[in-house]
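1. structure of the sequence below:
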Amino acid sequence: MTKALQVVLFGASKAGEFFLSQNPTLNITAFIDNDPSRHGQKLSGIAVLPPDELLSLDYDQIVITSQWVDAISAQLQQLGVPAEKIVVPAKQQVKATLPFLHSATLEMAHVLLLRLNQFLQQHGIRPCLDSGTLLGVTRQQALIPWDDDIDLAIDQSEFSTLLKVIPDFIPQLPHQNLLNWQVLVLNVNDEDCCINIEFTPKPGADFVPFDISLQLRREQAGYSELVSSAGLFFAPAHHFAQFQQKEFLGQRFYVPTDTDGFLTFMYGDWQEPKKGTKITEYNNRRAQLSHDHCQPRVKKRLLGEPSQ
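-> You can find the predicted model right below:
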């Protein structure tokens, strides 16, 4: 009988939970994480350990379930882990069940996006289509079927306004009789820099979970950075210094200046649909960020809760 692979996941995260759910036959022995606040906890019933405890574990592979793949790979090799035992999964392996292939969920996503876009523009905020959402709208006038979220960028001059007005949007969240909604504020290195709108279906409701991320973009040394990534994801600043507009679902949406150029910078040959992409294949990430730089202090809280 073939022995099941002994696998350690580096990254006690939602991505790690998704990898677990998609690989139920693997023998996951532990999570490893650089965040001391997670050590000693359990995720999906599996212990979260500090990196130095790797030395006492028996494993065949370490799968990186974090966006910090380059820094973590270097860290693991410094700990003596052979490169051939380090695995970077395809993005689809660390994503949720694909919501936009589900017709009712896709229809609801359209409603939510239209309502949010209209609400924010009415309050003087320019939500800009970003990342995979921008790619799908530009290439095929649709949300990408194998994507699992909606990405919007918020300019640094408008993010404080967003934090003030977003509670007033909650009554417009669709299907509140069928879905439990929550609005989370992501704080990185003591700065609020992302709002996540997400849901879980109530019993009997036929929807597939996804979230909308409204991420702060800031210009830094000639680049526009996603602040929640602590400098990992960036683009030339001119793409976000001004916006253009594009029609989608009968509304006008903001998009980066020279959208084609931005998508080329981010994805390379973006006109050709690709599945199974790994994060290491993205062009808009700083692969050489140091291990220390890639340990941001990340906190989440429900909207309305005081920051700590």
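
2. now the strands for the stretch 201-308 of the chain?
-> For the stretch 201-308 of the chain, the strands defined by DSSP state E, counting those that start in this stretch cover 211-220, 223-226, 234-236, 243-248, 251-256, 298-302.

3. Ser13: which of those is closest?
-> Checking the strands of the stretch 201-308 of the chain against Ser13 by C-beta to C-beta gives strand 298-302 as the closest, at 9.6 Å. Yep, even glycine has a C-beta here, placed from its N, CA and C like the rest.

4. remind me what that closest one packs against, helices and strands.
-> Contacts defined by 3 or more C-beta pairs under 8 Å, 6 or more residues apart in numbering; DSSP states H and E place strand 298-302 against strand 179-188.

5. 10 Å instead?
-> Here strand 298-302 touches strand 179-188, strand 191-201, going by 3 or more C-beta pairs under 10 Å, 6 or more residues apart in numbering; DSSP states H and E.

6. got these as a markdown table, with mean pLDDT columns?
-> Listed next are these as a markdown table, based on pLDDT from 0 to 100:
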| stretch | mean pLDDT |
| --- | --- |
| strand 179-188 | 94 |
| strand 191-201 | 94 |
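
7. for these, which one ends up most surrounded?
-> Highest mean neighbour count among those (mean count of other C-beta atoms under 10 Å): strand 191-201, with a mean of 19.

8. so what are the sheet partners of that one and their directions?
-> strand 179-188 (antiparallel), strand 211-220 (antiparallel) (DSSP bridges).

9. adding distance to Thr65, write those strands out as TSV.
-> Converted to TSV, the strands paired with strand 191-201 look like this (distance: least, C-beta to C-beta, whole Å):
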stretch	distance to Thr65
strand 179-188	18
strand 211-220	17
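
10. what's the closest of these to Asn23?
-> Judging these by C-beta to C-beta, what sits closest to Asn23 is strand 211-220, at 22.0 Å.

11. what's the pLDDT at Lys85?
-> Looking at Lys85, its pLDDT reads 92.

12. please renumber so the chain begins at 3
-> Got it, the first residue is 3 from now on, which makes the last one we talked about Lys87.

13. quick check on it: phi, psi?
-> Lys87 has phi and psi values of phi -90, psi 0 when expressed as degrees, to the nearest 10.

14. residues contacting it?
-> Lys87 sits next to 9-10, 61-65, 78-79 when contact means C-beta atoms under 10 Å, 6 or more residues apart in numbering.

15. could you chop this protein up by domain?
-> According to automatic domain parsing, the chain comprises the domains 8-96, 101-304.

16. could you list the low-pLDDT ranges of this protein?
-> Counting by pLDDT under 70, the chain contains low-confidence ranges at 3-5, 94, 96-98, 232-233, 277-298, 307-310.

17. can you get me a residue count around the closest residue to Leu100 other than its chain neighbours?
-> Once flanking residues are discounted, Leu100 sits nearest to Trp148: 5.5 Å by C-beta to C-beta, 6 or more residues apart in numbering. For Trp148, the neighbour count with other C-beta atoms under 10 Å is 18.

18. same thing with Leu228?
-> When neighbours are counted by other C-beta under 10 Å, Leu228 comes out with 24.

19. partner residues bridging it?
-> Arg219.

20. and the helices in this protein, which stretches?
-> 16-24, 71-80, 105-124, 133-142, 161-167, 240-243, 261-269 (DSSP state H).

21. and Thr31, which of these is closest to it?
-> When these are compared by C-beta to C-beta, helix 16-24 sits nearest Thr31, at 12.0 Å.

22. winner for burial among the strands of the stretch 203-310 of the chain?
-> Highest mean neighbour count of the strands of the stretch 203-310 of the chain: strand 225-228, a mean of 22 (counted as mean count of other C-beta under 10 Å).

23. now do it: distance to the chain's middle.
-> On the basis of C-alpha atoms, centre = their mean, to the nearest Å, strand 225-228 sits 16 Å off its chain's mean C-alpha point.

24. circling back: mind putting the contacts of Lys87 in CSV, neighbour count and distance to Val90 included?
-> Formatted as CSV, the contacts of Lys87 follow (neighbours: other C-beta atoms under 10 Å; distance: C-beta to C-beta, whole Å):
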residue, neighbour count, distance to Val90
Val9, 20, 13
Val10, 23, 14
Tyr61, 18, 16
Asp62, 15, 16
Gln63, 15, 11
Ile64, 23, 10
Val65, 24, 8
Leu78, 21, 11
Gln79, 13, 13
